[in-house]
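1. okay, structure incoming, though there's no sequence with it:
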């Protein structure tokens, strides 16, 4: 974000220092969150999340695939984010590649846990149909439609909402298959299994401006940041992933302080998000 | 190559099959398991650094920590690409690639090309906070890393090695960047994991810091961690970074005293 | 004429380094007329050469070679493959058991950038492949394990770590060194009739599986090839040019001889025509001398390894 005058910059910084931001929020207050589910009928699950001027869509598509030979008891999940040129002119052509890759990696880190699969928000072993032979491949795609800061938190919330909106068809495996062959599967188009999202973390990004840090920064505020830490936290209050952006170094004690603040904020965000998701699903069911 | 292309479909690599069903190296609850290379949980592998490995570059460094071998070359500050807009601070461009023999199975990383995009962007984030970009406006510094052999904790070794190469090239920095990683295996934390440990890890923590300023330039956590565990892991890693920083510093001093003689 | 006067005047006042960068050709021609090169070598001598075997632990054969500051790392890996039906014992041209690839990663030179590979790399790759195969250094029959069923496929990857001229010479030397360091992994037949690697510790005997290749553990290289690149400029012949010299000189000749002294290949990439055939003969004579030097260095490092 360029084109801010010195006065505007000082206004933003001064407001944050006095705990009264330019849009009237306190440092640790989110903008109102609006959740809409089932926005893409072709997908197995989808959701749109709006956070102030930031608008993102996430969709989940499930396909039958083969587990990798290294991990025969696990399904596969691919997470990919793209930024639409409608969000900012600089995303046109290949301009979004860098940001898209960064967001994709950050989401993967937050949702998929460690290499052994421990601590993953999505339980990969629940995606297996026949061990070593058939599993579900989940393709989670995020799309940034409009960008006004805090993309990662919004994407995290959208993925969470999309997954709780996801129905995975029940699969019948033909019994008479012998050892080597790929078993035949029958995918039901009526019965769906609900996806368990209780373990999914939310992502809280703390942006450091001056000596203070704020949640849910707008892009104007992000232009003034020295560094930002994105922390994903699950319901048990455990950290499921952390990444840092921005050049300036941070004192280790500040990072620990940020983690505890994020933990506190995440509880409110998670409750707010859950109630929004259930409200959105109620509306979808009515219509 | 014509010969290679026609031959590839017929080959098979014997290694992956042996991996399946191999027991994990530790058992949860067994407090006395031993790391594959016999190190203590909080003991790093011996580190070796040397600057000036590549003459064609403005600065370079070679790092060997355990089986992990890395070369980093720094070019520039030189003219930015034509398409780049004017900038009153310098640019940093990072790229990490791997040799075909860096992993036990030849060409294992090749489905994503030999360039490692994720490492490249993490290397960039770890270094940019330490470099005084204002000191070379309008120009670019290129940091290229080649992993000769991957033996675990590759990214931290690349980061530490790259900061030495930058120092060797005479790029102005606030401090060297030392980086160390930690794996969480069950209830245990092991520092500076080797590839085998990394493949079983439940979570990882990579910290890059400027030891003399005691500032963290980059921190990445994957997997589920309680706050106490993060606290403990960070403390151990920061201590290790401090020690690593001293080794790097002495390497630089040796290099300068050798040339002045 | 005016220009040369200006340059002549300037050269008195200018610092040597600045003159070298601004007028590289004149800088070199001044040196050549004195029969000396900027790095202190005579025209016909090559740079210090070293060979270190076994630089890559995970490879079956590897070598790090340096000619001056030009550095090459070569590593060979072996895999088991099924040979084609028409040539059960050896590779024909279209199905060969040896693959050679030469890489120039962006660390090696300021001219190579990521996403923009060096043009010269595939050229050298092809030259190396042709040279290694046509020299007959490797008896392809030695790569056969079970006739018609299984054979070794050798992947040789050569990385240029530091590019400072004479790239082909250094790459070929590293390839020969890596081949002479190559040890076949031990393989045995498993229950399904496929060949599997036996771990080094020798557990293979305990499991009762038969080791297929007990005796044959290394390649016998017959008269390996060595090369020398000479830069030609006017009447001067410069052996083993640096990258700076390569940029200034008119043309080059790369001569490859095998260790029996027979000519394997000769390569001249365009440039001005050679008016005298004696120049070629001089180059070959230089290569013959150089070959003895290099072979001694290689033999030394091989015998050094065998003592360990």
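-> Okay, I see it. Source: prediction; values computed, not measured.
2. got the phi and psi for residue A:97?
-> For residue A:97, the backbone dihedrals (degrees, to the nearest 10) come out as phi -50, psi -50.
3. tally of neighbours for it?
-> Using other Cβ atoms under 10 Å in any protein chain shown, residue A:97 has 13 neighbouring residues. (Glycine included, C-beta is placed from N, CA and C.)
4. over to residue C:304?
-> Residue C:304: 12 neighbours (other Cβ under 10 Å).
5. likewise residue C:17?
-> Neighbours of residue C:17 under the rule other Cβ under 10 Å: 9.
6. cool, and residue A:271?
-> 12.
7. host element of it?
-> Counting by DSSP states H and E, the element that carries residue A:271 is helix A:252-286.
8. equivalent analysis for residue C:245, please.
-> In this assignment (DSSP H and E), residue C:245 forms part of helix C:243-248.
9. what pLDDT, on average, does that helix get?
-> Averaged over helix C:243-248, pLDDT sits at 88.
10. following element in sequence after that helix, please.
-> Heading C-terminal from helix C:243-248, the first helix or strand you meet, by DSSP H and E, is strand C:251-258.
11. for that next one, name the packing helices and strands.
-> Here strand C:251-258 touches helix C:167-181, strand C:225-233, strand C:263-267, helix C:278-307, going by 3 or more Cβ pairs under 8 Å, 6 or more residues apart in numbering or on different chains; DSSP states H and E.
12. how about 7 Å then?
-> strand C:225-233, strand C:263-267, helix C:278-307 (3 or more Cβ pairs under 7 Å, 6 or more residues apart in numbering or on different chains; DSSP states H and E).
13. and the shortest one, what's buried?
-> So the one you mean is strand C:263-267. Within strand C:263-267, the residues that count as buried by 16 or more other Cβ atoms under 10 Å in any protein chain shown are C:264, C:267.
14. now the helices and strands packed on strand C:251-258 in a markdown table, with mean pLDDT and distance to chain A?
-> A markdown table is the format used below for the helices and strands packed on strand C:251-258 (pLDDT from 0 to 100; distance: least, Cβ to the nearest Cβ, whole Å):
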| stretch | mean pLDDT | distance to chain A |
| --- | --- | --- |
| strand C:225-233 | 91 | 40 |
| strand C:263-267 | 90 | 40 |
| helix C:278-307 | 88 | 36 |
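15. out of those, deepest packed?
-> Each of the helices and strands packed on strand C:251-258 was scored by mean neighbour count; the highest is strand C:225-233, a mean of 25, by mean count of other Cβ atoms under 10 Å in any protein chain shown.
16. just checking: what are the partner strands of it?
-> With DSSP bridges as the test, strand C:225-233 is paired with strand C:236-239 (antiparallel), strand C:251-258 (antiparallel).
17. and the helix holding residue C:245, what's buried?
-> C:243-246, C:248.
18. with those residues in mind, which one is nearest to chain A?
-> Closest to chain A out of the buried residues of helix C:243-248 is residue C:243 (32.9 Å), distances taken as Cβ to the nearest Cβ.
19. the closest one touches residue C:167, doesn't it?
-> No: here residue C:243 does not reach residue C:167: they are 8.6 Å apart, not a contact under Cβ atoms under 7 Å.
20. which residue ranges of the chain form helices?
-> By default, I'm working from chain A. For chain A, helices defined by DSSP state H occupy the ranges A:6-17, A:97-112, A:151-164, A:219-222, A:252-286.
21. if you could check chain B rather than the one you did, that'd help
-> B:2-7, B:15-19, B:117-128, B:154-168, B:195-200, B:227-260.
22. so which of the helices and strands packed on strand C:251-258 is nearest residue A:128?
-> helix C:278-307 (49.5 Å; Cβ to Cβ).
23. list the strands paired with the lowest-mean-pLDDT helix or strand in chain A, with their directions.
-> Here the helix or strand of chain A ranked lowest by mean pLDDT, DSSP states H and E is strand A:185-194, holding a mean of 75. Neighbouring strands of strand A:185-194 in its sheet, by DSSP bridges, are strand A:167-173 (antiparallel).
24. now the strands for the stretch 101-250 of chain C?
-> C:144-146, C:150-162, C:187-189, C:195-197, C:225-233, C:236-239 (DSSP state E, counting those that start in this stretch).
25. distance to residue B:251 added to those strands, as JSON lines?
-> Output for the strands of the stretch 101-250 of chain C, formatted as JSON lines (distance: least, Cβ to Cβ, whole Å):
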{"stretch": "strand C:144-146", "distance to residue B:251": "46"}
{"stretch": "strand C:150-162", "distance to residue B:251": "19"}
{"stretch": "strand C:187-189", "distance to residue B:251": "42"}
{"stretch": "strand C:195-197", "distance to residue B:251": "38"}
{"stretch": "strand C:225-233", "distance to residue B:251": "35"}
{"stretch": "strand C:236-239", "distance to residue B:251": "35"}
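26. pull the number of nearby residues for the nearest residue to residue C:138 once chain neighbours are set aside.
-> Counting by Cβ to Cβ, 6 or more residues apart in numbering or on different chains, residue C:138 lies nearest to residue C:219, which is 6.1 Å off, once chain neighbours are set aside. Residue C:219 is flanked by 21 other residues according to other Cβ under 10 Å.
27. now do the phi/psi pair for residue C:219.
-> Main-chain torsions, residue C:219, degrees, to the nearest 10: phi -80, psi 140.
28. residue contacts, residue B:64?
-> Residue B:64 makes contacts with residue B:48, as judged by Cβ atoms under 7 Å, 6 or more residues apart in numbering or on different chains.
29. measure it to residue B:101 for me?
-> Residue B:64 sits at a distance of 15 Å from residue B:101 (criterion: Cβ to Cβ, to the nearest Å).
30. then residue B:34?
-> If you measure residue B:34 against residue B:101 using Cβ to Cβ, the figure is 29 Å.
31. quick one, helices of the stretch 1-150 of chain C?
-> Per DSSP state H, counting those that start in this stretch, the stretch 1-150 of chain C carries helices over the ranges C:2-13, C:16-22, C:24-33, C:120-134.
32. show me where the stretch 51-200 of chain C dips below the pLDDT cut-off.
-> Applying pLDDT under 70 to the stretch 51-200 of chain C flags the ranges C:83-96, C:147-148, C:190-200.
33. actually, the stretch 151-261 of chain B.
-> Looking at the stretch 151-261 of chain B by pLDDT under 70, you get B:260-261.
34. how close does residue C:143 get to residue C:228?
-> 29 Å.
35. ok, now residue A:238?
-> From residue A:238 to residue C:228 the distance is 64 Å (Cβ to Cβ).
36. which ones are touching residue C:110?
-> Counted by Cβ under 7 Å, 6+ apart, residue C:110 has contacts B:56, B:75.
37. show me how far the helix holding residue A:271 is from its chain's centre.
-> Helix A:252-286 sits 12 Å away from the centroid of its parent chain (Cα atoms, centre = their mean, to the nearest Å).
38. again, but for stretch C:134-151
-> On Cα atoms, centre = their mean, the centre of stretch C:134-151 falls 22 Å from that of its chain.
39. now that stretch: buried residues?
-> Neighbour-count burial for stretch C:134-151, counted by 16+ other Cβ under 10 Å, picks out C:135, C:137-138, C:140, C:142-146, C:150-151.
40. can you redo the residues you listed as TSV with distance to residue B:178?
-> Below are those laid out as TSV (distance: Cβ to Cβ, whole Å):
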residue	distance to residue B:178
C:135	48
C:137	46
C:138	46
C:140	50
C:142	48
C:143	46
C:144	51
C:145	48
C:146	52
C:150	48
C:151	48
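41. pick out the most distant pair among those.
-> C:135 and C:146 (27.0 Å).
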